[in-house]
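# I'll drop the sequence and a predicted model, then ask my questions.
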Amino acid sequence: MRFFAASIVVLLSCGSLAACDRAGSSTGAGGTSSDDTRTIGSADLKAAGDNTAEWLSYGRTWSEQRFSPADSINRENVSELGLAWSADFSTARGQEATPLVIDGRIYTSTSWSNVEAYDAKTGAPVWSFDAEVPGATGAKACCDVVNRGLAAWGDKLYLGTLDGRLVALDRESGEPVWTAETVDGDGPYTITGAPRVVDGLVIIGNGGADMGAVRGYVSAYDAETGDLVWRFHTVPDNPANGPQPDYLEAAADTWTGDWWELGGGGTVWDAMAYDPELGLLYIGVGNGAPWNQQFRSPEGGDNLYLSSIVAIEAKSGDYVWHFQTTPGETWDYTATQHIMLADLEIDGETRKVLMQAPKNGFFYVLDRETGAFISADNYTKVTWALGIDPETGRPIENPAARYKSGPALVYPSALGGHNWHPMAFNPDEGLVYIPAQNAPQPYSSPDEWAPTPLGWNNAVGSSVASTGSSAGESKVFQKAAAPADAAPDPAPDNMQPVKERKIGVAALLAWDPVTQTEKWRVDYPGIWNGGLLSTAGGLVFQGTASGEFRAYDAATGDQLWSYPIQTGAIAAPMTYEIDGEQYVAIVTGWGGVYGLLSGVVQNHSRLLVFKLNGEATLPEPTETARVLDPPVMEVDPAKVARGGQLYGRYCVVCHAGGSAITDLRYSAAIDSEAGWMSVVKDGALESRGMVSFSPVMNDEDLASIRHFIVARAQAEAAKSAP
């Protein structure tokens, strides 16, 4: 049975509340599946755009526009929006899911790959499913133990779990029907993205290219049986393994060295969209493994199909076309960000287009039938490229940004000008709304590098994963580096030059995809704000990192409503109708990679549902008391320096500082070397996610990390001493 906790205390871990070796379980009032449970099929998903009562797939429709024609909540009355009901989750980790609503029930995944079902009108619990992900899996995840959502087909829901399973759940009862192992359990593969279902095929990708030797692919499974139907690899295999499909043979010519020994990367960890008329599935392909091309493909090359949008035949998995946004990617510039489809009038002609704002800072419009480039322009500050070829869409690089001869401070950072947080498109306004970011990152290349079984494996010296003592102090991107962000040489005459964009640190951008111009923006003081929803009521909804749920005028950007949600939000809102009444829902709980790096002090992970004149209230927020009491010991400066480097590679993402995962400065484990070694060497807390790091570090290294943490704790305590 599922374990519910009245309070969550996770000590020294990236881990779960549960033990490692558990089988999936569910509880609740659903009972066994009913024979008359409504089935979801292609007709339902094709008609989802007109269905205001339900939200049937992750992006609402196969086109992933996240626009609802519901307009009962609108510009004139949104100020009357109030809380209808809320539900607390059993885990305080980051929450990234967009719920589904089917036949009056709302279904959402949560962190640790769990699923909750409620009555969508009242919030009454219906059933719960615990995927029983082993806590040690948390050490494989680059970017928190999050999950972005579910898929629906027939009478089932489909969930990708952090440890690489695809699970079919009976929608009525929450009981597992079948499970498919989709990844190699020995590698650092994880699943955080939502599956999609196309004509009875459940399609799922995976992540892991930041953490080790993985080769990216996307797979399709039979929705009824769980049998594998096809698999599409995004990176060529070792040529010694024999002939490959033509598209991979062509890709192999764009790689050098022994890339297969490092995996190559190219994981399909989030974005997908589907055009039922063309029969094409569009996938976004991720970064290289490792990031640094100098180690991955030492003589350069485009490295297809990294950082690419790829169109494949949905039924067969056959390659159709591709467009690469960042050739020879070396900055973690994934193209796994939100893909959306629309029909736009461009130069007097209606074009079937695909739109994306990937990490690299450019907004792309492509012909989705052929993959032909239509237009691109930068929506945030860009210094890695000088411009875009207006004919091909290929960027021209700023040579200083590739950090071959020294460090470089580059815009955007590895967190991207836009990350996974969903955009929204409003066809009434003709605008795409982008949760944009504007932060730089220092990159440098180490003289020597070799992958290790644990920790980050990006082969980048100064990066989000190796920030040393700056971690947890909100200075991740403030280190000095060579000025790649200085004014670069002008772009060649045949290039469209990068435009100067001054959007502050972060912003909600209203972007015209036809003219490639900003219509309006709302600036934010910090990055990592939530995904978006737009409605025919003339509204754009977004949760913020600072703990507000807001509604803006879709035409002007004027803020029309705000509600304090007691925690940050990164997930995208959604909407549905019951009995003629419109509801707006959002999953709250800040996290993800930047949330962890910044140190989430207090999370209230919940599902919040709003309606006009809602009168429910949230419980008073609670705070976790933390006492800083470092041991009295003399730290060794040499060990502190060494420990800081190791902490940056192996510890920082989980332990930057917060309550969801212990800030190690406050941990009792640092009080003695014996206690410390029992955890980091012997794995005493492995069931909670804190695995042994003895495979990658010796005793001296592990002790050095303790010296580094104690030194930080002593320094922090000295600040508040009388």
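Good, I have the coordinates. Everything quoted here is computed from the prediction, not taken from an experiment.
# can you show me the helices along this protein?
Secondary structure of the chain, counting by DSSP state H: helices at 42-46, 246-252, 293-296, 592-598, 637-650, 652-655, 673-680, 699-720.
# Gln437 is nearest to which of the ones you listed?
Closest to Gln437 of the helices of the chain, according to CB to CB: helix 592-598, at 9.2 Å. Where you see a C-beta, it was placed from the backbone N, CA and C, and this is true even at glycine.
# what part of the protein, helix or strand, is modelled with the least confidence?
Using mean pLDDT, DSSP states H and E, strand 25-28 stands out as the lowest-scoring helix or strand of the chain, at a mean of 53.
# any regions of the protein where pLDDT drops low?
For the chain, the stretches with pLDDT under 70 are 1-35, 462-491, 599-602, 624-625, 653, 656-661, 721-722.
# contacts only, for the residue most central in space within it.
Residue closest to the average C-alpha location in the chain (CA atoms, centre = their mean): Trp420, at 4.5 Å. Residues counted as contacts of Trp420 (CB atoms under 8 Å, 6 or more residues apart in numbering) are Glu96, Arg148, Asp270, Ala271, Thr336, Gln337, His338, Gly592.
# distance-wise, check it relative to Asn426.
Separation of Trp420 from Asn426 (CB to CB, to the nearest Å): 21 Å.
# just Leu596 next, same as before
Distance from Leu596 to Asn426, by CB to CB: 32 Å.
# equivalent analysis for Tyr411, please.
Tyr411 sits 28 Å away from Asn426, going by CB to CB.
# for Leu596 and Asn426, indicate the residue with more neighbours.
Legend: neighbour count by other CB atoms under 10 Å for Leu596 and Asn426, higher for Leu596 (28 against 22).
# is it true that that one touches Asp144?
Yes - if you go by CB atoms under 8 Å, Leu596 and Asp144 touch, sitting 5.8 Å apart.
# touching both of these two, which residues are there?
By CB under 8 Å, 6+ apart, Leu596 and Asp144 have these common neighbours: Gly94.
# quick one: residues contacting Arg642.
Arg642 makes contact with Asp701, Ser704, Phe708 under the criterion CB under 8 Å, 6+ apart.
# distance of the second one from Ser72?
Using CB to CB, one obtains 60 Å as the distance from Ser704 to Ser72.
# try Glu634
Using CB to CB, Glu634 is found at 67 Å from Ser72.
# nearest residue to Gln714 other than its sequence neighbours?
What sits nearest to Gln714 in space, not counting adjacent residues and going by CB to CB, 6 or more residues apart in numbering, is Pro630, at 4.9 Å.
# for Pro621, grab the count of nearby residues.
11.
# what's the nearest residue to it once chain neighbours are set aside sitting at in phi/psi?
Distances taken as CB to CB, 6+ apart place Gln566 nearest to Pro621, at 4.6 Å, with adjacent residues excluded. Backbone torsions for Gln566, taken as degrees, to the nearest 10, come to phi 70, psi 0.
# I figured Gln566 hits Gly547, correct?
Yes - if you go by CB under 8 Å, Gln566 and Gly547 touch, sitting 6.2 Å apart.
# measure Leu533 to Ala273 for me?
Leu533 sits 17 Å away from Ala273, taking CB to CB as the criterion.
# same check on Lys359?
Counting by CB to CB, the gap from Lys359 to Ala273 is 18 Å.
# again with Gly59
Gly59 sits 7 Å away from Ala273, going by CB to CB.
# tell me which of the two has more neighbours.
Higher neighbour count among Gly59 and Ala273: Gly59, with 29 against 26, using other CB under 10 Å.
# from Ala551, how far off is Gly538?
Computed as CB to CB, the Gly538 to Ala551 distance reads 10 Å.
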